[in-house]
Every structure is written in C-alpha cells, then in structure tokens.
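# 3D model of this:
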Amino acid sequence: QVQLVESGGGLVQPGGSLRLSCAASGFAFSTYAIWWFRRAPGKEREWVAYISRNAALTNYADSIKGRFTVSRDNPKNTAYLQMNSLNPEDTAVYYCNAVAGSSNFWGQGTQVTVSS
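This is a model prediction of the structure:
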C-alpha cells in the first residue's frame, strides 16, 4: 500500500523553527523527486521546495528562500523540510508530493501555525 505521511507540524511563535518529515512506504522512494507545497487559508496551493531523487538538485520558492531547507534520507524513505525564521505568513497546511514520470503520490498534509 502506497503511503506518504507528513508530520512535524504544530504551533510555533514567530521567529521559531519546525522540521517537517515526509515518510514514504509502498513504493521506491529513491526513484521519486519530492516536492513540498503549502495551502494557506483562503489561498491557492503554493509550491515551496523541490529536491531531486538523489538530492543533487534543490530549488525553492522566493517566498521561503534562505529560510527553508529541503533534504532527504533515501535509506530511511523520508524527506524533510527544515523551516527557520517562521512568520505568520507561513501558516498553512504543508504537503509533500512524490513524482516519478506519470506516477504521483500525495500526503495528507500537516498543519503549521505561526502565531504569538
């Protein structure tokens, strides 16, 4: 059974940090690129970060560049999104998306709330 499960979200104060995890099972994780997206209340889904299959390539949205870092551990079938210097505009449900050609899996999302 294919699963992609995000975790690590929660409530954090402005300026704080969180690390999100995206745990995969049921498919060959190392052959999939990982995309992170987020959807804030009342807004469209926004792409956040990308990491290639072997982590050689990463890319970030301008809105989070320099604050977020994407990584992955293929032997553990897990991708990560380290989020630093969080601000209220980062409040959203964060999703990971595994993509390989026409194969595409989504997690259920994890809520991140940045508030004092």
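
# Name the SS class of W35, please.
Secondary structure assignment for W35 (DSSP: H, G, I helix; E, B strand; the rest coil): strand.

# What is the neighbour count of it?
Number of residues near W35 (other CB atoms under 10 Å) recorded here: 21. Using the backbone N, CA and C atoms, a C-beta is placed for each residue, glycine as well.

# cool, the one 10 residues further on as well?
The tally of other residues near R45 (other CB under 10 Å) stands at 13.

# now L86
By other CB under 10 Å, 22 other residues sit near L86.

# Relative to L4, how far out is the nearest residue to it once chain neighbours are set aside?
Distances taken as CB to CB, 6 or more residues apart in numbering put V114 closest to L86, at 4.6 Å, once the chain neighbours are dropped. Using CB to CB, to the nearest Å, one gets 24 Å for the distance from V114 to L4.

# Not counting residues beside it along the chain, what's closest to R19?
Nearest one to R19, counting by CB to CB, 6+ apart, is Q82 at 5.0 Å.

# need the contact list for the one you found.
S17, R19, F68, T69, V70, S71 (CB atoms under 8 Å, 6 or more residues apart in numbering).

# Torsion angles phi and psi at it?
phi -80, psi 120 (degrees, to the nearest 10).

# Who is it paired with across the strands?
Beta bridges link Q82 to R19, T69 when assigned by DSSP bridges.

# Spatially central residue in this protein, please.
Closest to where the C-alpha atoms of the chain average out (CA atoms, centre = their mean) is W36, at 3.7 Å.

# For the protein, which segments count as strands?
3-7, 10-12, 18-25, 33-39, 45-51, 58-60, 68-73, 78-83, 92-100, 103-106, 110-114 (DSSP state E).

# Thank you kindly, that will do.
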